[in-house]
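Novice: here's my sequence, what's the structure:
(2 chains)
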Amino acid sequence: MAEPGVKLDLSLPELEKMARHLRRHVITMIATAGSGHPGGSLSAADIITALYFKAMLHKPGNPQWPERDRFVLSKGHAAPILYAVLAECGYFPVKELSTLRKLDSRLQGHTDRTLTPGVEMSAGSLGQGLSYGIGIALAGRLDKKGYRVYVLLGDGECEEGQVWEAAMFAPHHRMDNITAIIDHNDLQLDGRVCDIMGLEPLPDKWRAFNWHVLEIDGHNIKDILQALKKAREIKGKPTVIIAHTVKGKGVSFMEGNVDFHGKAPSPQETEQALKELA
Amino acid sequence: MTAYAELSTREAYGKVLVELGEQYKDIVVLDADLSRSTMTKYFAEKFPERFFQCGLEEQNMMSIAGGLAVSGKIPFVSTFAVFAACRCFDQVRVCVAQPKLNVKVVATHGGITVGEDGASHHAIEDLALYCSLPGFNVVVPADGIETAEAVKAAAATPGPFYIRLGRPKFPAVNTDGYRFNLGKAVMLRDGKDATIIACGVMVSKALEAANSLASQGVDCRVLNMPTLKPLDEPAIIAAATQTGAIVVAEEHLLHGGLGSRVAQVVAREKPVPMGFIGIKDIYAKSGKPDELLQRYGLTAEAVQQAVKAVIGKKSG
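Specialist: Take a look at the predicted model:
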């Protein structure tokens, strides 16, 4: 379903290269903006690359194509990685990425579906994306459409009660056209997730809510693609992919560093980060 | 042909929703374990595949409605007004108001006429909350006929709506053939001495007050103002200009609802003496609906007194 000039069916080495390229965008965008959340964008980069450049059916030239697979970014603060992939797919010009967070930009600090081509949800208040994705998936089922809905949540986000309302709803309605992906990077704004609010045993919790649970290395694109394929094959219940990731992945001084949850890199740090991601 | 004049606002809603379900194949209905009270049960019986029982998951329900709307459906979301406004306000804000989605929140059990269930179930802040959301249309019908017409208008008009209905049956103030126009007030009675502006159950109280006042030689205009947002500013300015005094009556806190909104227009365009009938910064207690209206000053008698007071403040 690629548009002229944009290949959306990349090989494994191409996907890995693209993920690195998107990480560079993230660093540059946030450094230029002077604010933003690099850590959670970098941890999700491989998942988002695998979805947009391989797993999902979509048409960048026709963002409202009714048959498209939908990607819902529930952790709205990871907007930069979504903007980066959308731009590279051709939804809008790559040069627009430098307008992130600026007055009159289409690229808001947290996603705004009324402004940005390809963005499915206005997010930013955590815990709502799975519910919203369920709504899109229910509509698809009513209309007998074959599209799939992918919702990316943060692990800290799973502390929101609404996530578990949605977790109860989807299996009750035997929904198998929705896949939840948890970017399990173990960090949230105030510190380690296990110190802020213990989530474990996270896989057992989802199993107890009647989800099919897959656990993967969220930086291994081959694993990600296999899990997405498996999720498509599971019928009668939804699948959650718990993707173990590293916050700040790809930049040594950001990896596992809670300070880069929501802080822009300095010019020196930016230079260093781009060097590491070259 | 349903006789809406004889129905409570929530019964009228349940019935008209079935009519609309026939007409609009994209209408879907969501409820949170209250369909036998909100009367969405009629729709659920007729169109089970388009009815989503959400259980006691109001927040989930509201965000699901956003996802359905963005996919081309026309979701009607129903629960009690306290839950629709207070329990899931952030979900309405983020998943409906900000993305400007076509979601119709129709809440029943508004105000203190909920009665015996007490303060936790008395929605007295809901209009302030929904009126605060940019782009939301906010409607408070006075009776069954107006409810049916307002719900039809909401289905036909793109954009987010909050429609607030009641629990008990309110006295009918409109007659068959009534046409609801979003954002337009209806003059039920003309007069020159003062104007009473009201919505919901207070419209019948306003008429009662105006009739009593007429027998005492006071000539009141009565405006039924079902749409709080967008507000009928020309009708308010005309009332201020032509009658020189205004009393607003609503089953809601004195702040943030119809009274506050009307006062803002009057203060800006044509300052005249104003009076306000509503709940005075307090949570009500359990009791029968009429007992509560009496206790908290939402009566025709209180409206009359307020009219006399504002007329007394007129200059010259």
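
Novice: check the stretch 51-200 of chain B for the residue nearest chain A and tell me.
Specialist: Across the stretch 51-200 of chain B, no residue is closer to chain A than B:G67, which sits at 2.1 Å (CB to the nearest CB). Glycine gets a C-beta too; all of them are placed from N, C-alpha and C.

Novice: wait, doesn't that residue sit right on A:Q128?
Specialist: No: in this structure B:G67 lies outside contact range of A:Q128 using CB atoms under 8 Å: 9.6 Å.

Novice: the residue of the stretch 51-200 of chain B closest to chain A: neighbour count?
Specialist: Number of residues near B:G67 (other CB atoms under 10 Å in any protein chain shown) recorded here: 32.

Novice: what does the one 5 residues further on give?
Specialist: The number of residues packed around B:G72, counting by other CB under 10 Å, is 12.

Novice: in a helix, the residue of the stretch 51-200 of chain B closest to chain A, correct?
Specialist: Yes: assignment of B:G67 by DSSP: H, G, I helix; E, B strand; the rest coil places it within a helix.

Novice: residues touching it, list them.
Specialist: By CB atoms under 8 Å, 6 or more residues apart in numbering or on different chains, B:G67 lies in contact with A:V72, A:S131, A:Y132, A:G133, A:I134, A:G135, A:I136, A:A137, A:L138, A:A139, B:C95.

Novice: returning to that earlier point: mutual contacts of B:G67 and A:Q128, please.
Specialist: Taking CB under 8 Å, 6+ apart as the contact rule, B:G67 and A:Q128 both touch B:C95.

Novice: how about the nearest residue to the residue of the stretch 51-200 of chain A found nearest chain B, chain neighbours excluded?
Specialist: Using CB to the nearest CB, the closest approach of the stretch 51-200 of chain A to chain B is made by A:G135 at 2.1 Å. With CB to CB, 6 or more residues apart in numbering or on different chains as the measure, B:G67 is the residue that lies nearest to A:G135, at 2.1 Å, once sequence neighbours are left out.

Novice: check what pLDDT the residue positioned nearest the centre of chain B gets.
Specialist: For chain B, the residue whose C-alpha lies nearest the mean C-alpha position (CA atoms, centre = their mean) is B:V140; its distance is 1.4 Å. Per-residue confidence (pLDDT) for B:V140: 98.

Novice: mind saving the C-alpha coords of the host helix or strand of B:E45 as PDB?
Specialist: B:E45 belongs to helix B:41-46 when assigned by DSSP states H and E. Written as PDB, here are the backbone C-alpha positions of helix B:41-46 (Å, rounded to 0.1, in the frame of the first residue of the first chain):
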ATOM      1  CA  LYS B  41     -33.300  -0.300  27.200                       C
ATOM      2  CA  TYR B  42     -35.900   0.200  24.400                       C
ATOM      3  CA  PHE B  43     -33.000   0.800  21.900                       C
ATOM      4  CA  ALA B  44     -31.200  -2.200  23.400                       C
ATOM      5  CA  GLU B  45     -34.200  -4.500  22.800                       C
ATOM      6  CA  LYS B  46     -34.700  -3.200  19.300                       C
END
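
Novice: buried residues in it?
Specialist: Judged by neighbour count using 16 or more other CB atoms under 10 Å in any protein chain shown, the buried positions of helix B:41-46 are B:K41, B:Y42, B:F43, B:A44.

Novice: same question for stretch B:263-278.
Specialist: The neighbour-count criterion (16+ other CB under 10 Å) identifies B:A263, B:V265, B:V266, B:K270, B:V272, B:P273, B:M274, B:G275, B:F276, B:I277, B:G278 as the buried residues of stretch B:263-278.

Novice: please tell me I have it right and the fifth one contacts B:A238.
Specialist: No: B:V272 sits out of contact with B:A238 when judged by CB under 8 Å, with a separation of 11.7 Å.

Novice: related to what we said a few turns ago, which residues touch the helix holding B:E45?
Specialist: Helix B:41-46 has contacts (CB under 8 Å, 6+ apart) with B:G14, B:K15, B:L17, B:V18, B:G21, B:V29, B:D31, B:S35, B:R50, B:F51, B:Q53, B:F76.

Novice: just the ones in strands from those residues, please.
Specialist: Among these, the subset assigned to strands under DSSP state E consists of B:V29, B:D31, B:F51, B:Q53, B:F76.

Novice: that older thread, near chain A, from the contacts of helix B:41-46?
Specialist: Restricting the contacts of helix B:41-46 to those touching chain A (CB under 8 Å from any CB of the partner chain) yields B:R50.

Novice: distance to B:V307, pLDDT and neighbour count added to the contacts of helix B:41-46, as CSV?
Specialist: Rendered in CSV, the data for the contacts of helix B:41-46 read as follows (distance: CB to CB, whole Å; pLDDT from 0 to 100; neighbours: other CB atoms under 10 Å in any protein chain shown):
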residue, distance to B:V307, pLDDT, neighbour count
B:G14, 36, 98, 26
B:K15, 36, 98, 21
B:L17, 37, 98, 29
B:V18, 41, 98, 19
B:G21, 43, 98, 21
B:V29, 41, 98, 28
B:D31, 40, 98, 25
B:S35, 41, 97, 21
B:R50, 47, 98, 21
B:F51, 46, 98, 21
B:Q53, 47, 98, 18
B:F76, 38, 98, 29
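
Novice: and the two most separated of the contacts of helix B:41-46?
Specialist: Considering CB to CB, no two members of the contacts of helix B:41-46 lie farther apart than B:K15 and B:Q53, which are separated by 19.8 Å.

Novice: the longest strand belonging to chain B pairs with which strands?
Specialist: For chain B, the strand with the greatest residue count under DSSP E is strand B:246-253. Paired with strand B:246-253 in the same sheet, following DSSP bridges, are strand B:194-198 (parallel), strand B:274-279 (parallel).

Novice: that strand - what's its average pLDDT?
Specialist: Mean pLDDT, strand B:246-253: 98.

Novice: wait, B:H109 touches B:V82, no?
Specialist: Yes: with contact defined as CB under 8 Å, B:H109 counts as touching B:V82 (7.4 Å).

Novice: who touches both of the two?
Specialist: Between them, B:H109 and B:V82 share the neighbouring residues B:H121, B:A123, with contact defined by CB under 8 Å, 6+ apart.

Novice: which one's more surrounded, the two?
Specialist: Taking other CB under 10 Å, B:H109 and B:V82 do not tie; B:H109 has more neighbours (26 against 21).

Novice: tell me the contacts of B:A245?
Specialist: Under the contact definition (CB under 8 Å, 6+ apart), the residues listed for B:A245 are B:D193, B:A194, B:T195, B:V272, B:P273, B:M274, B:G275, B:V307, B:V310, B:I311, B:K313, B:K314.

Novice: just give me the closest of the residues you listed to A:E200.
Specialist: Sorting the contacts of B:A245 by how near they are to A:E200, with CB to CB, puts B:M274 at the top with 59.3 Å.

Novice: A:A243 versus that closest one, what's the distance?
Specialist: Computed as CB to CB, to the nearest Å, the B:M274 to A:A243 distance reads 60 Å.

Novice: give me the phi and psi for A:E165.
Specialist: Note on A:E165: backbone dihedrals following degrees, to the nearest 10 are phi -60, psi -50.

Novice: what are the ranges of the strands in the stretch 101-250 of chain A?
Specialist: Listed from the start of the chain, the stretch 101-250 of chain A has strands (DSSP state E, counting those that start in this stretch) covering A:149-154, A:178-184, A:187-188, A:191-192, A:212-217, A:239-244.

Novice: need the longest helix for chain A.
Specialist: With DSSP state H applied, the helix covering the greatest number of residues in chain A is identified as helix A:12-33.
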